[in-house]
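**Student:** have a look at this prediction, sequence included:
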Amino acid sequence: MNLEIRHLRVVCAIADTGSVTKAASLLGLAQPAVTAQLQRIERSLGGPLFERGRHGATPTALGELVLARARVVLPAMRGLQEDAAQLTGTRVRPNQWRIGAVNGPILGGLMSRLAAEKDGVEVLTHPSHWADQLCDLAVAGRLDFCIVGVCGDTVPGTPEDGLTWREIAIDAIFVMLPESHPLADRWEIDLAELADAQWASMPGDGCFGDCFAAACARAGFTPRTMYEMDIGNAVDAVLSGHAVGLCKATFRRVDGIATVPLAGGPLRWRHLLGWHPRSEAAGYADVMLAHAAAAYAESAARNPQYLQWGKANPQFGPRVSIASR
């Protein structure tokens, strides 16, 4: 694993607050996600960064070394981002939007709605698996808006980023099964019925893995295996019968695969729109949010089963008023 800026933020937050739990609150992340990140950082650097005692987390000698470097690097990076944003400006052309997005059902429909709204509009896209990367680009003035997903109640980035976040929609998490699977024709499936399955999911750096493990624990089992795969490999693993896939309810239909709701909606995915409140783009945020919600609704409408299931599960769906064409 290569050490990144977001990892240095985690180390500093733990040192500043004295505990992983308080650092998670400061960073807006789930506590298990911060613990997992710290463990990956320590494996990468070859030793523990903190000792846990009665008085909280205390840096080891290695931790003190990392902190000393981090407290130089982080302000320098923030200054670089701010200076670069001032130098390059916030808009390349008046009719151009720069939008970063993680894998999801919104970006394509949003682009078509922006194009229909005004002739000559150009959308420059920046795809990423990592929400924190998109946050950094927005803070640096290199993106106007970010479309990201989280499964918990937190938002990406850190409070120091100063980004504004609004909820576009809440997506249910469904399971992907080969159409030959004995549960494929069910209206919905209890998670416990899949206790013996191997699992495939898209990669990401949020707390989804921990949320999934917690949902399985509530259902009375520990998942056997979780494979992180890109969408193409995940589909192949499901079609071959090697794994059960986890996907958003708005996942596009693939021949040979059935997507089935989990009873009670134990897992969710919150689609968020983020921007910098001092950017030029901020004045267009409400309109962009409404277009994004409409794009989500259009994607959801392609799955009639999701629409029917959603009537009994109103906690899912768009969270804002939808823009009309």
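**Tutor:** All right, it came through fine. Residues are numbered from 1 along each chain as shown.
**Student:** tell me the pLDDT of the residue at the greatest distance from the centre of the chain.
**Tutor:** Ranked by distance from the centre of the chain (C-alpha atoms, centre = their mean), the top residue is Arg54, with 34.4 Å. Here, the pLDDT recorded for Arg54 equals 78.
**Student:** domain ranges for this protein?
**Tutor:** Per automatic domain parsing, the structural domains of the chain span 5-87, 92-325.
**Student:** mean pLDDT lowest where, among the ones you listed?
**Tutor:** Minimum mean pLDDT among the domains of the chain: domain 5-87, a mean of 83.
**Student:** hang on, the earlier thing: out of the domains of the chain, deepest packed?
**Tutor:** domain 92-325 (a mean of 18; mean count of other C-beta atoms under 10 Å). Heads up, the C-betas are built off the backbone N, CA and C, glycines and all.
**Student:** tell me what the helix or strand hosting Ala200 is packed against?
**Tutor:** Ala200 belongs to strand 199-201 when assigned by DSSP states H and E. Here strand 199-201 touches helix 208-218, strand 226-228, helix 231-239, strand 244-248, going by 3 or more C-beta pairs under 8 Å, 6 or more residues apart in numbering; DSSP states H and E.
**Student:** ok, and what's touching that strand?
**Tutor:** With contact meaning C-beta atoms under 8 Å, 6 or more residues apart in numbering, strand 199-201 is reached by 176, 208-209, 212, 223-229, 233-234, 237-238, 242-246.
**Student:** who's in contact with the nearest residue to Thr21 once chain neighbours are set aside?
**Tutor:** Nearest-residue entry for Thr21: Gln31, 5.2 Å, with adjacent residues in sequence omitted and distances by C-beta to C-beta, 6 or more residues apart in numbering. Each residue near Gln31 by C-beta under 8 Å, 6+ apart is listed here: 20-21, 24.
**Student:** helices - which of those land there?
**Tutor:** 20-21, 24 (DSSP state H).
**Student:** nearest spatial neighbour of Leu267, chain-adjacent residues omitted?
**Tutor:** Using C-beta to C-beta, 6+ apart, the closest residue to Leu267 is Ile173 (3.7 Å).
**Student:** quick check, that neighbour in a strand?
**Tutor:** Yes - counting by DSSP: H, G, I helix; E, B strand; the rest coil, Ile173 is found in a strand.
**Student:** make 296 the starting number, not 1.
**Tutor:** Taking 296 as the first residue, the last one we looked at is Ile468.
**Student:** would you quantify the distance from it to Phe611?
**Tutor:** 10 Å (C-beta to C-beta, to the nearest Å).
**Student:** overlap of the contact sets of the two?
**Tutor:** Contacts common to Ile468 and Phe611, judged by C-beta under 8 Å, 6+ apart, are 544, 560, 563.
**Student:** export those residues to JSON lines and tack on distance to Ala411?
**Tutor:** JSON lines is the format used below for the shared contacts of Ile468 and Phe611 (distance: C-beta to C-beta, whole Å):
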{"residue": "Ala544", "distance to Ala411": "26"}
{"residue": "Gly560", "distance to Ala411": "33"}
{"residue": "Arg563", "distance to Ala411": "30"}
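**Student:** next one: Pro354 from Leu362, what distance?
**Tutor:** As judged by C-beta to C-beta, Pro354 and Leu362 stand 6 Å apart.
**Student:** overlap of the contact sets of the two?
**Tutor:** Ala310.
**Student:** what sits against Ala577?
**Tutor:** 459, 570-571.
**Student:** that one: what secondary structure?
**Tutor:** Recorded secondary structure, Ala577: helix (three-state DSSP).
**Student:** do Glu346 as well
**Tutor:** On the basis of three-state DSSP, Glu346 is classed as strand.
**Student:** repeat that for Pro609.
**Tutor:** Strictly by three-state DSSP, Pro609 counts as coil.
**Student:** for Ile463, same thing?
**Tutor:** Per three-state DSSP, Ile463 ends up strand.
**Student:** quick one, what contacts it?
**Tutor:** With C-beta under 8 Å, 6+ apart, Ile463 has these contacts: 401, 442, 566-568, 584, 587-588, 591, 613-615.
**Student:** using CSV, lay out these together with distance to Leu486.
**Tutor:** Formatted as CSV, the contacts of Ile463 follow (distance: C-beta to C-beta, whole Å):
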residue, distance to Leu486
Ile401, 26
Ile442, 28
His566, 22
Leu567, 25
Leu568, 30
Leu584, 32
Ala587, 29
Ala588, 28
Tyr591, 25
Pro613, 25
Arg614, 25
Val615, 29
